[in-house]
Structures are given as structure tokens and as C-alpha cells.
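**Student:** below is the structure, and that's it, no one-letter string:
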């Protein structure tokens, strides 16, 4: 990677500058405390779900195995951004190294893609449970569940590997200031010395696919689920069927609602402040809320968590 320093006062900088949330030092300290609490609660919430599934034999089913893997993913997803953001709040220079920036770039997008694939697999699991209940135990076996989980991780981490390696080899000019709290591709590509329309086209083509493909699959799965549920003659039966997928639908709505606002329209239409807020919601607040959604709406998970916590 070649770096060209235009301003004299940036000659000592050894990486990009993440502006984060500019405010007086008192505000930075307040934000540090707030997001530190959010981060710890996220780790505790998702860690509790992992422990509940691990220690409660009744939860050793594909649905909860997928959920525990999803919680494990959420821990790493929030860890890809929040620790650096916390350090940035207390930093005067707010510098992130070039290698650190591209590592964050890679892990953030890879984990985000993996989350989309997981949501698709979880929708497939709910489709089988409701639309093919008699065949569910023979189709969704432990072996198939393991294969699906492994594929989510592998595809998610391979998807952006080559584009990010190519971008990391480009030359960057100017102040190297990124008006964000993480290394986002839009601000990064804007700092390149020469425009690379081919690379931008490749990245803009690859980026939406991990969002769109699982989303279409989720919508198709739940369309079939809805048709199957509406054919159930009794109201209690319909409520029970809906309750098994209500938590997943809520999580999908939270994640995709914010992501589609962010990436569903051209970046130029969003001000930097709005970009930060929307990114903050789906990358930090959604992992915090997911354990609450699953524990409140799922009686088996609630009982397992109460047993672990001794409540």
C-alpha cells in the first residue's frame, strides 16, 4: 500500500483517522462509559444463551444449536467494532493503523455476511419445522445442521477476501480522515489517489448479494410458513406455530430494516451522521437486543436461562 501525505501536519500519522463521534472530552468519556456498558451487556446476554444451550439437554435441537452459533457470531460481530471505538473515545489522535483498518474492514463485513447467511439458515429450519413437521427430524439432522453452520462461516469469510485484498493494495492520498467510527468502504475508496471504477463496481456488486440472497430466501420461507399456518384449523395451533418463528422474525426485521436503510440506496443520499447512527444500530444495538428478544419470546430459553442464573 502506498500512502501520500499532502498536508504537512499529517506526516507523522501512521494510519487513517477515525473521527467517530466528535464532541468535547466530557462527551467522549460519557460515550465511552455508555458503550462499555452496552458491550458488556451484549457479551453477557449472548454468552448466557450459549451457556444455556450447552448445559440444558432439552435445548440440544437444531433450532437452539443454530441460535447458540448465532449468539457466538454476535459476540464477534460487536467485538469487531466496539473495542476500537472505546479506545478511540479516549484517544487524542484517533488513529487506526493501516493493517488495523483493513482487518476491521474484513472482519466487520465478513461477520455481517455470515450473519445474513445464518438468518437464512434459521428461516429454513423454521420452514421445515412448520411446513414439514413429520420429516423435520430426518431432514434437519445434526450432520446437516453442522454442514449448514460451517458453510455460513466459510462463505461469509471468503466472500469479501479478494476485494478487500485488492483495495488494501491501492494508493491513498490526502488527510486520510474517515468520518466514521469504523473503516467503511465508501470513505476508504474516496481517499484513493486514483479512481478505480472497476474495483468500485466489483465491490458494489458483491456487497449487496449476501444481503439480498438470504433476504429473498427468508421471505420465500416465511411466505410458505404463513400459508401453512393459515391452513391450521384451530386458533391455539396457529398461535403456537407463529410463536416458534416470532423471535426470528423480530431479529430479521431489526437487522435487515437498518441494513436496508443504510445500503438500499446510494451512499451519497446519506449524511455522515445518519450513516453512523444506522451502522451503530445494526452493528451494536441489534446484537444487544437479540438475546432479549429470544429470551422473552421463547419459554424454553427463558426457563433454561432462569435455571442457569438461579432465578
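**Tutor:** Looks like it arrived, so ask away. Source: prediction; values computed, not measured.
**Student:** all contacts plus neighbour counts: C-alpha atoms, from now on.
**Tutor:** Will do.
**Student:** report the contact partners of the spatially most central residue of the chain.
**Tutor:** The chain has residue 112 as the residue nearest its centroid, 3.9 Å off, counting by CA atoms, centre = their mean. By CA atoms under 8 Å, 6 or more residues apart in numbering, the contact set of residue 112 is 77, 156.
**Student:** now residue 172: phi and psi?
**Tutor:** Torsion angles at residue 172 (phi, psi; degrees, to the nearest 10) stand at phi -120, psi 140.
**Student:** give the next helix or strand downstream of the helix or strand containing residue 216.
**Tutor:** Using DSSP states H and E, residue 216 maps to helix 209-230. Next along the chain after helix 209-230, taking DSSP H and E as the criterion, comes helix 235-263.
**Student:** quick check: mean pLDDT of stretch 157-170?
**Tutor:** The pLDDT scores in stretch 157-170 average 86.
**Student:** what comes up buried for it?
**Tutor:** 157, 159, 160, 163, 164, 167, 168, 170 (16 or more other CA atoms under 10 Å).
**Student:** which residues does that stretch contact?
**Tutor:** Contacts of stretch 157-170 (CA under 8 Å, 6+ apart): 1-2, 102, 105-107, 109-111, 113-114, 189, 192, 199, 202-203, 206-207.
**Student:** counting neighbours, which of those end up buried?
**Tutor:** 102, 105-107, 109-111, 113-114, 189, 192, 203, 207.
**Student:** what sits against residue 153?
**Tutor:** Residue 153 touches residue 114, counting by CA under 8 Å, 6+ apart.
**Student:** so residue 41 versus residue 31, what's the distance?
**Tutor:** 15 Å (CA to CA, to the nearest Å).
**Student:** same thing with residue 196?
**Tutor:** 37 Å.
**Student:** circling back: mind listing which of the contacts of stretch 157-170 are in helices?
**Tutor:** 102, 105-107, 109-111, 113-114, 189, 199, 202-203, 206 (DSSP state H).
**Student:** excluding its backbone neighbours, what's nearest residue 113?
**Tutor:** Spatial nearest neighbour of residue 113, excluding adjacent residues (CA to CA, 6 or more residues apart in numbering): residue 156 at 5.1 Å.
**Student:** is it true that the one you found touches residue 118?
**Tutor:** No. Look at residue 156 against residue 118 with CA atoms under 8 Å: they stay out of range, at 9.6 Å.
**Student:** between these two, what contacts are shared?
**Tutor:** With CA under 8 Å, 6+ apart, residue 156 and residue 118 have no common neighbours.
**Student:** per-residue confidence at residue 102?
**Tutor:** Residue 102 is given a pLDDT of 92.
**Student:** an error on my part: the question was meant for residue 150.
**Tutor:** Residue 150 is given a pLDDT of 96.
**Student:** count the neighbours of it for me.
**Tutor:** By other CA atoms under 10 Å, the residues close to residue 150 number 12.
**Student:** residue 183 belongs to a strand?
**Tutor:** No. Secondary structure of residue 183 (DSSP: H, G, I helix; E, B strand; the rest coil): coil, not part of a strand.
**Student:** wait, it touches residue 101, no?
**Tutor:** Yes. Counting by CA under 8 Å, residue 101 is a contact partner of residue 183 at 5.7 Å.
**Student:** ok, these two, which is more surrounded?
**Tutor:** Each of residue 183 and residue 101 has its neighbours counted (other CA under 10 Å); residue 183 has more, 24 against 20.
**Student:** residues contacting that one?
**Tutor:** 18, 101, 102, 104, 105.
**Student:** would TSV of these with distance to residue 88 be doable?
**Tutor:** Converted to TSV, the contacts of residue 183 look like this (distance: CA to CA, whole Å):
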residue	distance to residue 88
18	8
101	13
102	16
104	14
105	16
